[in-house]
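K.L.:
Give me a 3D structure for the following:
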Amino acid sequence: MPFVSQITDKPRKFRQIFSTAEELFQKYGFRRVTIEEICQRASVSKMTFYKYFANKDELIKFMMETWFRESERIMREVMEMEVPFNEKILLLLKLKEEYSQKLSLEFFAEYVNPEGDLALFIKEFYHKSVAVFIDFVKKAQEKGEVRRDIKPEFLIAVLNQLLEMAKNQDLVKLYPSVTDFSLEVNNFFYCGILPLEKAQK
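P.N.:
Numbers count the residues shown, from 1 in each chain. Here you go, the predicted model:
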């Protein structure tokens, strides 16, 4: 899911930098990709790059903010749909699958093990996502679609433990792609160990 469509109000060269960096980061991770590579592939000068971003980290932060706003918009749209909760979950899993297909193992490894200034930013980014998820669960509980006696914070703790597993590269490498590992985590979280066709009924 390219997110450049979410910044149509920005100048053309800004969008060229954004879309090129998004593609390179997803393919090679943040660390390996240089500003020079981004500028060369985007056909812009380094002067143009620095006109919009102070450094590579600022570009990454802007990109993640864009991803978060779009993900939040989609999640809230799904939340408002008049369909059963399990169908909402399937829709979210489908969207996640489409997006994660673009992510490389390098990107995934760096995302779960950020360094320096990005570590704090990604932590804040994660907390925003958690707040949206808790709101999602509470609304489902109000409608009786999720057990009312389970605390959303408990679900977050479980999710955190599952995400910790993503740091285990030996485990992640057991799967053909990041998408397969990501789907395994999500399917386990929502469906447990039951066959998917039974859990989704």
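
K.L.:
Give me the contacts around stretch 124-141.
P.N.:
64-65, 68, 71-72, 75-76, 79, 85, 88, 146-148, 152-153, 155-156, 159 (C-beta atoms under 8 Å, 6 or more residues apart in numbering). Heads up, the C-betas are built off the backbone N, CA and C, glycines and all.

K.L.:
Could you report the neighbour count for Asn160?
P.N.:
Asn160 has 11 neighbours, counted by other C-beta atoms under 10 Å.

K.L.:
related to what we said a few turns ago, in helices, which of the contacts of stretch 124-141 appear?
P.N.:
64-65, 68, 71-72, 75-76, 79, 85, 88, 152-153, 155-156, 159 (DSSP state H).

K.L.:
Give me the PyMOL select line for the contacts of stretch 124-141, limited to the buried ones.
P.N.:
With 16 or more other C-beta atoms under 10 Å as the criterion, this PyMOL line picks the buried residues out of those:
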select buried, resi 64+68+71+75+79+85+88+146+152+155+159
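
K.L.:
Just want the phi and psi numbers for the residue nearest to Pro84 when sequence neighbours are not counted.
P.N.:
Nearest residue to Pro84, sequence neighbours excluded (C-beta to C-beta, 6 or more residues apart in numbering): Glu145, at 7.2 Å. For Glu145, the backbone dihedrals (degrees, to the nearest 10) come out as phi -90, psi -20.

K.L.:
how close does Glu145 sit to Val172?
P.N.:
31 Å (C-beta to C-beta, to the nearest Å).

K.L.:
got it, and Val33?
P.N.:
Taking C-beta to C-beta, one finds Val33 at 21 Å from Val172.

K.L.:
How about Glu65?
P.N.:
26 Å.

K.L.:
Okay, helices next: where are they in this structure?
P.N.:
So, for the chain - with DSSP H - the helices run 12-28, 35-42, 46-52, 56-80, 85-100, 105-112, 117-142, 152-165, 169-172, 178-191, 196-199.

K.L.:
For those helices, please prepare CSV with the additional fields mean pLDDT.
P.N.:
Listed next are these as CSV, based on pLDDT from 0 to 100:
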stretch, mean pLDDT
helix 12-28, 92
helix 35-42, 97
helix 46-52, 96
helix 56-80, 86
helix 85-100, 74
helix 105-112, 76
helix 117-142, 82
helix 152-165, 81
helix 169-172, 84
helix 178-191, 77
helix 196-199, 59
